[in-house]
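Student: After the sequence you'll find the predicted model.
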Amino acid sequence: MAVFKPENVEDFYEIGEVLGSGHFGQVRRVCERSSGTSWAAKFLKIRKSACSRMGLDRGSVQREVDILHAIQHPGVVGLKDVFESRAEVVLILELVSGGELFDFIAEKENLLESEAIEFMKQILEGLGFMHSKSIAHFDLKPENIMLSDRASPHPRIKLIDFGLAHLFSPGEEFRSTSGTPQYIAPEVINAEPLSTAADMWSIGVITYILLSGLSPFQDHTDEDTLKNILSMKYEFDERYFSMTSSLAKDFIQKLLVKSPSERMTAEESLLHPWIKPI
Ligand SMILES: Cc1ccc2c(c1)c1c3c(c(C)cc1n2CCCN)C(=O)NC3=O
């Protein structure tokens, strides 16, 4: 296990406002004292003992750090530094100041299909790079798709939050039932062996929402949402999809495929005519 910097993070960074919080801990804006540069600091509570239920297992934090170090790509948030105290690990991450993609879209009257394609293409390029290194995100959802600078005429996408990500070893069988119900693939619900194909199912769900504002499988309870996923119960309601191209629907249909091996890969989706016009 690599040892992270034992120094006090506050000796190097002035701690700013909370940007978000989750089961893992908090994300805060920080300012690097030596340069004045702003970063995002993810504060992770570490379990004090193996039988403790509070906090994260240190091995899972090590895996997140190893994965972030392995992925150097403009479409993926960068990791700058890691500090460790007795009960906390702090990741110093690239600040993605444009906030969440879906907040950006919510503020627009409506998203042109050409704009959706541009965002999708960037997401798929970052994901394709990760998948080429046998890394799956396993928690793709709108909250984890951020924008570098919303004021730019062409905002850049950044994928964040690799807390559930996994680096596959050759021939390894990996199962997990973690994730967010609306976006998880059937094989996750069935606790079957997983692959990078599970991310592609999530991309299908995200594309459906990007184009319609509706979530294809969401129901009143998580249990019913999961039932809808397993029964492949979704449709393109004409009231929300009347302006959506057939190519866009075909793209979604080739991702929301129950069998992981028959689903489009990230590379194949970048060659789909909706994304790459002939
Ligand atoms: C401007 C802004 C606002 C909220 C942010 C972030 C940035 C942010 C960031 C990160 C994470 C893991 C969570 C973050 N959150 C929490 C919400 C993420 N869906 C991160 O890794 N870099 C960020 O900028």
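Tutor: Thanks, I have the structure now. Numbering: from 1, shown residues only.

Student: Pass me the low-pLDDT residue ranges in the stretch 101-250 of the chain, would you?
Tutor: Applying pLDDT under 70 to the stretch 101-250 of the chain flags residues 109.

Student: Can you name the residue of it nearest the ligand?
Tutor: Closest to the ligand within the stretch 101-250 of the chain is residue 143: 3.8 Å, counting by Cβ to the nearest ligand atom. Where you see a C-beta, it was placed from the backbone N, CA and C, and this is true even at glycine.

Student: can you give me the helices in the stretch 1-150 of the chain?
Tutor: According to DSSP state H, counting those that start in this stretch, the stretch 1-150 of the chain carries its helices in the segments 58-70, 101-106, 113-132.

Student: Name the residues of the shortest one that come out as buried.
Tutor: So that's helix 101-106. 101-102, 104-105 (16 or more other Cβ atoms under 10 Å).

Student: tell me which parts of this structure are close to the ligand?
Tutor: Proximity of the chain to the ligand, by Cβ under 6 Å from any ligand atom, involves residues 19-20, 27, 40, 42, 77, 93-97, 99-100, 143, 160-161.

Student: just the buried members of those?
Tutor: Counted by 16+ other Cβ under 10 Å, the residues of the chain next to the ligand give 19, 27, 40, 42, 77, 93-96, 100, 143, 160-161 as buried.

Student: gap between residue 147 and residue 37?
Tutor: In this view, residue 147 and residue 37 are 19 Å apart by Cβ to Cβ, to the nearest Å.

Student: do the same with residue 90
Tutor: 16 Å.

Student: and if you look at residue 251?
Tutor: Between residue 251 and residue 37 the distance, using Cβ to Cβ, works out to 38 Å.

Student: Repeat that for residue 73.
Tutor: Residue 73 is 20 Å from residue 37, where distance means Cβ to Cβ.

Student: So between the two, which is more surrounded?
Tutor: The neighbour comparison of residue 73 against residue 37 (other Cβ atoms under 10 Å) goes to residue 73, with 17 against 12.

Student: quick one, what contacts residue 211?
Tutor: 111, 113, 116, 241, 244, 248, 252 (Cβ atoms under 8 Å, 6 or more residues apart in numbering).

Student: do residue 169 as well
Tutor: residue 134.

Student: next one: residue 267
Tutor: Contact analysis of residue 267 by Cβ under 8 Å, 6+ apart lists 128, 131.

Student: and it, what pLDDT?
Tutor: If you check residue 267, the pLDDT there is 97.

Student: go on, residue 40?
Tutor: Predicted confidence (pLDDT) for residue 40: 97.

Student: And the one 4 residues further on, by the same measure?
Tutor: Residue 44 is assigned a pLDDT of 94 by the prediction.

Student: which residues of the stretch 1-150 of the chain fall in strands?
Tutor: All strands of the stretch 1-150 of the chain, identified by DSSP state E, counting those that start in this stretch, fall at 13-22, 25-32, 38-45, 79-84, 88-93, 135-136, 145-147.

Student: Point me to the residue of the stretch 1-150 of the chain nearest the ligand.
Tutor: residue 20 (2.4 Å).

Student: Could you list everything the nearest residue to that residue once chain neighbours are set aside pairs with in the sheet?
Tutor: Of all residues not flanking residue 20 in the chain, residue 27 sits nearest, at 4.6 Å (Cβ to Cβ, 6 or more residues apart in numbering). Taking DSSP bridges, one obtains residue 20, residue 42 as the residues bridged to residue 27.

Student: now residue 169: how far from residue 9?
Tutor: 32 Å.

Student: And for residue 155?
Tutor: Counting by Cβ to Cβ - residue 155 and residue 9 are separated by 29 Å.

Student: With residue 42 instead?
Tutor: Taking Cβ to Cβ, one finds residue 42 at 11 Å from residue 9.

Student: Now do the shared contacts for the two.
Tutor: By Cβ under 8 Å, 6+ apart, the residues touching both residue 42 and residue 9 are residue 90.

Student: wait, residue 202 sits on residue 182?
Tutor: No: between residue 202 and residue 182 there is no contact under Cβ atoms under 8 Å: 9.1 Å.

Student: Pull up the overlap in contacts between the two.
Tutor: residue 141.
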